[in-house]
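**Q** Build me a model from this:
(one chain, ligands or ions: 2)
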Amino acid sequence: MQSILLHAPGELQLTGMPTPTLDKGDVLVKVKAALTCGTDLKAFLRGHPQIPMPGPFGHEFAGVVAAIGEGVYQFKPGDPVMCVHSAPCGECYWCLKDQGNLCPSVMETKVLGAYAEYVRVPAHIVRQNMFPKPDYLSYQEAALLEPLACVVYGLNQVPVSPGDAVLVIGTGAIGLLFLLLLKARRISRVIMAGRRSFRLNMARHMGAWQVIDVVEEDLAKQVHLLTRGVGADVVIECTGKLEVWEQSFHLCRRGGHVVLFGGTPKGTVIGLDTSRLHYDQITIHSPFHFNPVSVRQAWHLLANRKIRGRELITGQFSLAELGKAFSLLQAGEGIKYAIIP
Ligand SMILES: [Zn+2]
Ligand SMILES: [Zn+2]
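**A** Ligands and ions are numbered 1, 2, ... in the order given. Predicted coordinates for the structure are as follows:
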């Protein structure tokens, strides 16, 4: 089969590989669509601790069952399916505490290699995190299951109710998925802050209550005005930039919640105003990854058309053109690209 290997930052190779063989409980998926992701872009540009090089690449995909291992009864060859690329073990300390997202084996046993003709999905993922894809849902949209599961998990950590003003900082795919999820949960006052006008326009089109262009406007001042001096009930940080992590605390109201969603480089440190944290009683959440409950919820949202993510996919390329998609993303063009093997 044809498969992309990430050799080193900036170095992709389209190569022939043996089609994976299956163990008990595994499913072989013929990839119909894979999506680029911010994590992939980071890995492509400068390497990523969770993406070994040289190695298979890509983790958001949907496709058709090509073969099943012994003991698989819920799927058969020809079934359209959607899944994520990891699942917890179900037995360790964290799994027993219902924190499967922190299960140490989640990252060790995850599947990379969505930029390929076939992907082997191991039994533990098939059992927990693989679902049938409805015919009316495109493969490209179905491949949003993984990023949406992360966003659903993130929002599940925060008490948020319909009257709240929620500020989302960052208008990439994750920020826009938060917007779609907040809208699906009937939160009408969503303020989107970002720096690229076409993304801000998209946010407006997707139903943002207000958008703030942080290049042209003073973010703190605008949030102050829009919330009548109170501050946002919930601030969701989706940029992974240290200065924005710090700024988030000052945009939140007294007694409000800050969600630090964007991942930051290892070993970095931020400064916090301790009196703000204590006397203004700010609650911090720093959700990582997803658990099977959030994957199932994300599947329902996509399968029931509560979330329509078509607009997040800017264009499509073949496997051989993957580098082009990353160049566009690096230049700030587009949101996500579909790779069609
Ligand atoms: Zn992803
Ligand atoms: Zn575990």
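**Q** Flag every residue of this structure that's near ligand 1.
**A** 37, 147 (CB under 5 Å from the ion). In short, each C-beta sits where N, CA and C put it, glycine included.
**Q** In the chain, what residue lies closest to ligand 1?
**A** residue 37 (3.2 Å; CB to the ion).
**Q** That residue and ligand 2: what is the separation?
**A** According to CB to the ion, to the nearest Å, residue 37 stands 24 Å off from ligand 2.
**Q** And for residue 67?
**A** 27 Å.
**Q** residues near whichever residue of the stretch 151-300 of the chain sits closest to ligand 2, how many?
**A** Of all residues in the stretch 151-300 of the chain, residue 291 sits closest to ligand 2, at 10.4 Å by CB to the ion. By the measure other CB atoms under 10 Å, the count of residues near residue 291 is 25.
**Q** could you list every residue that touches it?
**A** Contact partners of residue 291, counting by CB atoms under 8 Å, 6 or more residues apart in numbering, are 88, 98-101, 153.
**Q** is it true that residue 235 lies in a strand?
**A** Yes: when DSSP: H, G, I helix; E, B strand; the rest coil is applied, residue 235 is found to be in a strand.
**Q** wait, doesn't it sit right on residue 260?
**A** No: Residue 235 is not in contact with residue 260 according to CB atoms under 8 Å; the separation is 9.1 Å.
**Q** tell me, what's touching these two both at once?
**A** The contact lists of residue 235 and residue 260 share residue 248, where a contact means CB under 8 Å, 6+ apart.
**Q** So which of those two has more stuff around it?
**A** Each of residue 235 and residue 260 has its neighbours counted (other CB under 10 Å); residue 235 has more, 28 against 21.
**Q** ok, now how distant is that one from residue 280?
**A** Going from residue 235 to residue 280 by CB to CB, to the nearest Å gives 13 Å.
**Q** now do residue 120
**A** With distances taken as CB to CB, residue 120 is found 50 Å from residue 280.
**Q** Compare neighbour counts for these two and give me the winner.
**A** A direct count of neighbours by other CB under 10 Å for residue 120 and residue 280 places residue 120 higher, at 19 against 16.
**Q** And the pLDDT for the more buried one?
**A** On the pLDDT scale, residue 120 is placed at 98.
**Q** Let's verify it: helix, strand, or coil?
**A** What three-state DSSP gives for residue 120 is strand.
**Q** partners of it in the sheet?
**A** When assigned by DSSP bridges, residue 120 has beta-bridge partners residue 28.
**Q** Contact partners for it?
**A** Neighbouring residues of residue 120 by CB under 8 Å, 6+ apart: 20-22, 26-29, 111.
**Q** In PyMOL, select just the buried ones from those.
**A** In PyMOL, this line selects whichever of these come out buried by 16 or more other CB atoms under 10 Å:
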select buried, resi 20+22+26+27+28+29+111
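**Q** and residue 230, that's in a strand?
**A** No: according to three-state DSSP, the state of residue 230 is coil, so it is not within a strand.
**Q** Please report the distance of the most centrally placed residue in the chain from residue 319.
**A** Centroid-nearest residue in the chain, with CA atoms, centre = their mean: residue 147, separated by 2.4 Å. Using CB to CB, we find residue 147 at a distance of 21 Å from residue 319.
**Q** Show only the entries of the contacts of residue 291 found in helices.
**A** Among those, the members falling in helices (DSSP state H) are residue 153.
**Q** Just the buried residues of the contacts of residue 291.
**A** In the contacts of residue 291, the ones that pass as buried (16+ other CB under 10 Å) are 88, 100-101, 153.
**Q** Tell me the one of those residues nearest ligand 2?
**A** Ligand 2 lies nearest to residue 88 out of the buried ones among the contacts of residue 291, by CB to the ion, at 4.4 Å.
**Q** Identify the residues contacting the closest one.
**A** By CB under 8 Å, 6+ apart, the neighbours of residue 88 are 94-95, 100-101, 103, 105-106, 124, 128, 291-292.
**Q** Contacts for stretch 196-214, please.
**A** For stretch 196-214, contacts defined as CB under 8 Å, 6+ apart pick out 165, 169, 171-172, 175-176, 179-180, 183, 188-195, 219, 222-223, 226, 311, 332, 335.
**Q** try stretch 73-80
**A** With CB under 8 Å, 6+ apart, stretch 73-80 has contacts from 27, 32, 62-68, 81, 126, 130, 132-133, 135, 139, 142.
**Q** can you give me the end-to-end distance of it?
**A** 15 Å (CA to CA, to the nearest Å).
**Q** Name the SS class of residue 294, please.
**A** Assigned by three-state DSSP, the conformation of residue 294 is helix.
**Q** And for it, the neighbour number?
**A** 25.
**Q** right, and it touches residue 147 too?
**A** No: using CB under 8 Å, residue 294 makes no contact with residue 147, being 11.4 Å away.
**Q** I appreciate the help and will end here.
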